[in-house]
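Peer 1: predicted coordinates and the sequence they were generated for:
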Amino acid sequence: MTTNPRLAPPRSEVATIVKRMLIAESRLTMEPSELRDDEPLTGPVLNVSSFGFVGMFIRLEDELGVELPDDLFIDRVFTTVNDIVNVVSEAAGRAQDETK
């Protein structure tokens, strides 16, 4: 009997989860749909510290069931919500490819 590999969540689902965590980390009360993709991680709306950033990635790994390998972070700069969505989506896609 073969099992189906876990499918990578769609980018829209990853974006919603990332936004929800960024909102929580910044101690805001708003819906993920209200947070712009190009919103800066540190600015007038979001305020994500470096410690919060690391903790958030650990929670994202747990919630999405994917590993965020170190090589995904090499030469990357995270300045907007979309930057985080991109790296998490990439990790989810890699995980799915490895199960094929």
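Peer 2: Happy to help now that I have it.
Peer 1: quick one: buried residues of the lengthiest helix in the chain?
Peer 2: In the chain, assigned by DSSP state H, the helix with the most residues is helix 81-98. For helix 81-98, burial by neighbour count (16 or more other C-beta atoms under 10 Å) applies to 81-92, 94-95. Placement of C-beta: from N, CA and C, glycine included.
Peer 1: out of the residues you listed, which one sits closest to Ser33?
Peer 2: Val81 (12.1 Å; C-beta to C-beta).
Peer 1: would you agree that closest one is in contact with Thr42?
Peer 2: No. If you go by C-beta atoms under 8 Å, Val81 and Thr42 don't touch, sitting 11.6 Å apart.
Peer 1: can you put the buried residues of helix 81-98 in a markdown table and add distance to Gly65 and pLDDT?
Peer 2: Putting the buried residues of helix 81-98 into a markdown table (distance: C-beta to C-beta, whole Å; pLDDT from 0 to 100) gives the following:
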| residue | distance to Gly65 | pLDDT |
| --- | --- | --- |
| Val81 | 21 | 96 |
| Asn82 | 22 | 96 |
| Asp83 | 22 | 94 |
| Ile84 | 17 | 93 |
| Val85 | 17 | 94 |
| Asn86 | 19 | 93 |
| Val87 | 16 | 91 |
| Val88 | 12 | 91 |
| Ser89 | 14 | 91 |
| Glu90 | 15 | 88 |
| Ala91 | 11 | 86 |
| Ala92 | 9 | 82 |
| Arg94 | 13 | 71 |
| Ala95 | 8 | 62 |
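Peer 1: just to check, Met30 is in contact with Ile23?
Peer 2: Yes. The criterion here is C-beta under 8 Å, and Met30 meets it with Ile23 at 5.8 Å.
Peer 1: so these two - more neighbours on which side?
Peer 2: Set side by side, Met30 and Ile23 show more neighbours around Ile23, with 19 against 12, by other C-beta atoms under 10 Å.
Peer 1: now for the protein, the helix or strand with the poorest mean pLDDT.
Peer 2: helix 81-98 (a mean of 83; mean pLDDT, DSSP states H and E).
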